[in-house]
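Participant: attaching a predicted model along with its sequence, questions to come.
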Amino acid sequence: MRESAPALEVESLRKHYGPTVALADASMSIEAGEIHAVLGENGAVKSTLVKILSGVVKPDQGTLKVNGWKPPPFHSIVDARKAGIATAFQELSLLPNLSVAENLLLPNLLRNPIGLTSRRANQRHANEILTQFGVADLDPTTSVESLALAEKQRLEITRALWRARHLLVLDEPSASLTDTTWLFEQIRRLANEGLAVLYISHRLSEVRSLCSRATVLRNGQSIDSVDLEGVDDNRIFEMMVGRSPEEAFGETGWPAPAGEAILEARGLTSGKARGIDLSLRRGEVLGVAALEGQGQRDLFRALTGLAHVKSGEIRVDGKPTSIHSPRQALRAGPGIAFVPEERKTEGIFSNMRTAANIILPQAFRMSRFGFLSHRIEEGHAMATAQRLDLQPRYLGFRIDALSGGNQQKAVIARALASGAGILVLFDPTRGVDVGTKQSIYRVIRDFADAGGSVLLYSSEIPELIELCNRCLVLYDGRITDELSGDTITEQTLISGIVGHRSYGTATAAEAS
Amino acid sequence: MKAFRTLFARFASNGALMIAIVYAMMLIAYAGSISSLSINSFNNILNAATPLALAAAGQTLIILIGGFDLSVAGVISIANVILALYPIEGPWGALASLLIVMGIGLAVGIVNGILVAYLRIQAIAATLGTMIVCQGVALLLLNAPGGWVADWMVYELTSVIGGILPVATLILAAVACAWLALKRTRFGAGLYAVGEDETAAELSGVNTRRVKFKAFCVAGICYGMAGYMLSAQTSTGDPNAGEPLLLLTFAAVAIGGTAFGGGRGGVIGSIIGALVLTLMQRMLFALGVSSFYTGLFQALVMVIAVVFAAIMLKLAKSRAQAGTE
């Protein structure tokens, strides 16, 4: 059933959230029966593309055509389904309190003649679907919360497989599958029947074995679409990074200092992070490079007392320490201060003044007879604000009147003002302007050069190269590589985070 | 042994069943404590519980979607005032009155639904507003307790059919059946989906806004019916009639095992929760305990029920996690 028009054609898609541009100019086209990969270093861009295709997010600009036909704008996922597009989401969209059958068939549960949903008919129908797609081991009557993660993922995928008419969108479908045989078989079968498949995965080996073509995204733009056959990995990395690996080599990093370990994790397991060993030394910036969802969030939250440590040990200043809250983290050894990822919800107190936001951890120490005045607050906040080039006049404003970049400066100023000797920064420059980035970089380096220690996760590879003495690569919840000095390059980091190979003084076995 | 344990766990995690057993035990204790248990005294307990049970049934729908509805007090007050001011005699009059108060409840529900589902105002703020407006309207219509509810309603709706079947039982059974049917509609599945995770529900194709809107509409109708049954009992009008029931509806829902986070529970539990609360009032009265203590005991039962439900949910979750390891 090959048709002349491509199954999916998108042109110059653009989407921004406030000042942050998620998609700048993305175009691609997928033929019927084609399995097409999307590659790119930044997860946010890919997820925006997925959301636009499935009707969850409306693009600011750009056109979308299915089989040469331009469907009416999508207002919800139901509209996308009507146009023949079905999506299996990375962060599963299942309802744990409902049964497998209900999750599969929602919102159109089968009804008997008097209009009531018929449990038996729904179960039978669900069973037929599950059998058709080779997941007959899932019992339609069980509630989804009692399923294992891999089973949930298979259910999420099956729902999309069944609903897809023209285009199937799979966002990191193999993330929690231990065996991809089933998934690949189903995808190939449907593609043979003429379905177009958009396959998003950071596992290059998977993409190579499954997909025929790929579109590379960089900075929210589609760089090129290529036939995967006849393009080697280096060429793909080059497109992802924007220069050839040879050019990227030769950037000099910071030497690894010989200071003693100040914060260590041994066999730390929490959430997705499994068996993490790391040691942060005095006077260094230790980077963590990873694609989204590789366990970095759980690792950072466990180190700062926000997530439960399942097993393993945290040592601060050589002493085993248990940290159950950020408050305890601040009091452990030289003090661990955390800058979280979500500025709006976790970072700032939007209804308070900037100065109050900065000195909050010290509020009690600075009060006179239990009272604080704006003058005391601003006096104490001033020094740290200046280190970050945060203009003094902003200190008296409510923080939500400030730009995102200045808010982020205030959040980092708070961490500095706490007097902690260890900074744990989770993507501290996300969504801030170039000028602010430079101020933040300088403060991070100055802090480390003055003997402080920084653990830094960043979604931007160049940032890690610029700042880190050493850099760990996190893949699938484990540390797969450790790089230092000159070996920290775009080439080594990017091939590391996509699970391709490891370069440095690898601590763990090479990821497959 | 393991089979027994899972059986017990399944049994214990069914909040409605647990509370039904508590109710049965209380009823036996109550029967033992009063000198003569007749069908009449039984009927009295049921009658006293019906308005609360109906109000709690409506509230359950809102709590299932993760909301909160304060307008229940206002709707009951308006319904009561209208029925006391404009009594319509005879069975047809009673039916007409019922439709009128259900219409009032629906109207308030529609306003709530528009505010919460479409204008995305927080449920507690929106319904606080409609509650205050409704109470104001009730006071405008009737500024002091007074008026007479139609005789037919007062006598027939509190009677015992054929000497064995209290009308209140019939009404509660009808509500329970209506709920079981509603639960099996697409809307019913939508309630549980929206309450569990609104984003996931939307990604599953559920029209979350329409589900929320409908939930407020149906709840409003339930409150109108609660006002109707309350009027049949008190036989007079009181512009503040709904207020004492407001917090008790939440207590009944909590005792019945519906989670305040949404997505778990059901109307049957809430009805039994209402029965427990009312029976407790009667028991304490029969035992000669001062009515000042009633609230204390009710609160105690509610806290125990909520803590018990939380423990059961935690156990169920850790079991589910153990299954995934």
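Facilitator: Cool, got the structure.
Participant: switch to C-alpha atoms for all contacts and neighbour counts from now on
Facilitator: Fine.
Participant: leaving out sequence neighbours, find the closest residue to A:Gly40.
Facilitator: Excluding the flanking residues, the one nearest A:Gly40 by C-alpha to C-alpha, 6 or more residues apart in numbering or on different chains is A:Leu217, at 4.8 Å.
Participant: hang on, I meant B:Ala299
Facilitator: According to C-alpha to C-alpha, 6+ apart, the nearest residue to B:Ala299 is B:Ala251 (7.8 Å).
Participant: list the contacts of the residue in the stretch 301-450 of chain A positioned nearest to chain B.
Facilitator: In the stretch 301-450 of chain A, the residue that lies nearest chain B is A:Lys310 (12.9 Å; C-alpha to the nearest C-alpha). Going by C-alpha atoms under 8 Å, 6 or more residues apart in numbering or on different chains, A:Lys310 touches A:268-271.
Participant: roughly how far apart are the most centrally placed residue in chain B and chain A?
Facilitator: Centroid-nearest residue in chain B: B:Ala56, 1.2 Å away (criterion: C-alpha atoms, centre = their mean). B:Ala56 is 22 Å from chain A, where distance means C-alpha to the nearest C-alpha, to the nearest Å.
Participant: contacting residues for that residue?
Facilitator: B:249-250, B:252-253, B:267, B:270-271, B:274.
Participant: would you mind giving the residues you listed as a markdown table with pLDDT added?
Facilitator: What follows is the contacts of B:Ala56, written out as a markdown table (pLDDT from 0 to 100):
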| residue | pLDDT |
| --- | --- |
| B:Thr249 | 94 |
| B:Phe250 | 93 |
| B:Ala252 | 92 |
| B:Val253 | 93 |
| B:Val267 | 94 |
| B:Ser270 | 93 |
| B:Ile271 | 93 |
| B:Ala274 | 93 |
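Participant: name the nearest of those relative to A:Gly370.
Facilitator: A:Gly370 has its nearest neighbour among these in B:Phe250, at 39.7 Å by C-alpha to C-alpha.
Participant: the strands in the stretch 1-150 of chain B, which residues?
Facilitator: For the stretch 1-150 of chain B, no strands are identified by DSSP state E, counting those that start in this stretch.
Participant: where does the prediction get shaky in it?
Facilitator: B:1-15, B:33-38 (pLDDT under 70).
Participant: how does it look with 90?
Facilitator: Along the stretch 1-150 of chain B, segments meeting pLDDT under 90 span B:1-48, B:89-90, B:146-147, B:150.
Participant: now do the stretch 401-512 of chain A
Facilitator: Using pLDDT under 90, the stretch 401-512 of chain A drops low at A:401-410, A:414-420, A:427-443, A:445-452, A:458-467, A:469, A:475-478, A:480-512.
Participant: now the helices for it?
Facilitator: Taking DSSP state H, counting those that start in this stretch, the helices of the stretch 401-512 of chain A run over residues A:404-417, A:434-449, A:461-467, A:490-497.
Participant: can you give me the domain assignment for chain A?
Facilitator: Domain assignment for chain A, taken from automatic domain parsing, gives A:8-97+A:143-242, A:251-334+A:463-512.
Participant: which SS class is the residue of the stretch 101-250 of chain B found nearest chain A?
Facilitator: Of all residues in the stretch 101-250 of chain B, B:Ala200 sits closest to chain A, at 4.4 Å by C-alpha to the nearest C-alpha. What DSSP: H, G, I helix; E, B strand; the rest coil gives for B:Ala200 is helix.
Participant: what number of residues lie near the residue nearest to it when sequence neighbours are not counted?
Facilitator: In space, and not counting its chain neighbours, B:Ala200 is closest to A:Ser93: 4.4 Å by C-alpha to C-alpha, 6+ apart. By the criterion of other C-alpha atoms under 10 Å in any protein chain shown, A:Ser93 has 21 neighbours.
Participant: part of a helix, is A:Ser93?
Facilitator: No: applying three-state DSSP, one finds A:Ser93 to be coil, outside a helix.
Participant: need phi/psi at it.
Facilitator: Backbone torsions of A:Ser93, given as degrees, to the nearest 10, read phi -110, psi 40.
Participant: show me what from the stretch 251-400 of chain A comes close to chain B.
Facilitator: Taking C-alpha under 8 Å from any C-alpha of the partner chain as the criterion, chain B has no neighbours within the stretch 251-400 of chain A.
Participant: what's the answer for chain A, then?
Facilitator: A:56, A:76-78, A:92-98, A:103, A:106-109, A:111, A:115-118, A:145-149.
Participant: sorry, back to before: what's the closest of the helices of the stretch 401-512 of chain A to A:Leu286?
Facilitator: Per C-alpha to C-alpha, nearest to A:Leu286 of these: helix A:461-467, 8.6 Å.
Participant: next one: that closest one to chain centre, how far?
Facilitator: 17 Å (C-alpha atoms, centre = their mean, to the nearest Å).
Participant: hmm, who's touching that helix?
Facilitator: A:253-254, A:285, A:287-289, A:441, A:444-445, A:456, A:458, A:471, A:488-490, A:493-494.
Participant: same thing but 6 Å
Facilitator: Around helix A:461-467, the neighbours that count as contacts under C-alpha atoms under 6 Å, 6 or more residues apart in numbering or on different chains are A:Ile488.
Participant: nearest residue to the middle of chain A?
Facilitator: A:Glu292 (2.6 Å).
Participant: which SS class is that residue?
Facilitator: coil.
Participant: and it, how far is that from A:Lys437?
Facilitator: According to C-alpha to C-alpha, to the nearest Å, A:Glu292 and A:Lys437 sit 21 Å apart.
Participant: same check, this time on B:Ala251
Facilitator: To A:Lys437, B:Ala251 is 52 Å away according to C-alpha to C-alpha.
Participant: out of the two, which sits in the more crowded spot?
Facilitator: Taking other C-alpha under 10 Å, B:Ala251 and A:Lys437 do not tie; B:Ala251 has more neighbours (23 against 19).
Participant: how about the helices in the stretch 151-300 of chain B?
Facilitator: According to DSSP H, counting those that start in this stretch, the helices that the stretch 151-300 of chain B contains are B:151-156, B:167-183, B:186-196, B:198-203, B:208-234, B:243-255, B:267-286, B:294-324.
Participant: quick one: buried residues of the first one?
Facilitator: By that I understand helix B:151-156. B:151-154 (16 or more other C-alpha atoms under 10 Å in any protein chain shown).
Participant: what's the closest non-adjacent residue to B:Gln233?
Facilitator: B:Val154 (6.1 Å).
Participant: quick check: the one you found touching B:Ala232?
Facilitator: Yes: between B:Val154 and B:Ala232 there is a contact under C-alpha atoms under 6 Å: 4.4 Å.
Participant: tell me the pLDDT of the residue nearest to the centre of chain A.
Facilitator: pLDDT recorded at A:Glu292 is 76.
Participant: and it, its phi and psi?
Facilitator: The phi/psi pair for A:Glu292 (degrees, to the nearest 10) is phi -60, psi 140.
Participant: B:Pro239 too?
Facilitator: Dihedral angles (degrees, to the nearest 10) for B:Pro239: phi -60, psi -10.
Participant: what is the neighbour count of A:Asn234?
Facilitator: 14.
Participant: residue ranges with poor pLDDT in the stretch 251-400 of chain A?
Facilitator: Along the stretch 251-400 of chain A, segments meeting pLDDT under 90 span A:251-261, A:270-273, A:283, A:290-297, A:305-311, A:313, A:317-335, A:340-400.
Participant: good, wrapping up.
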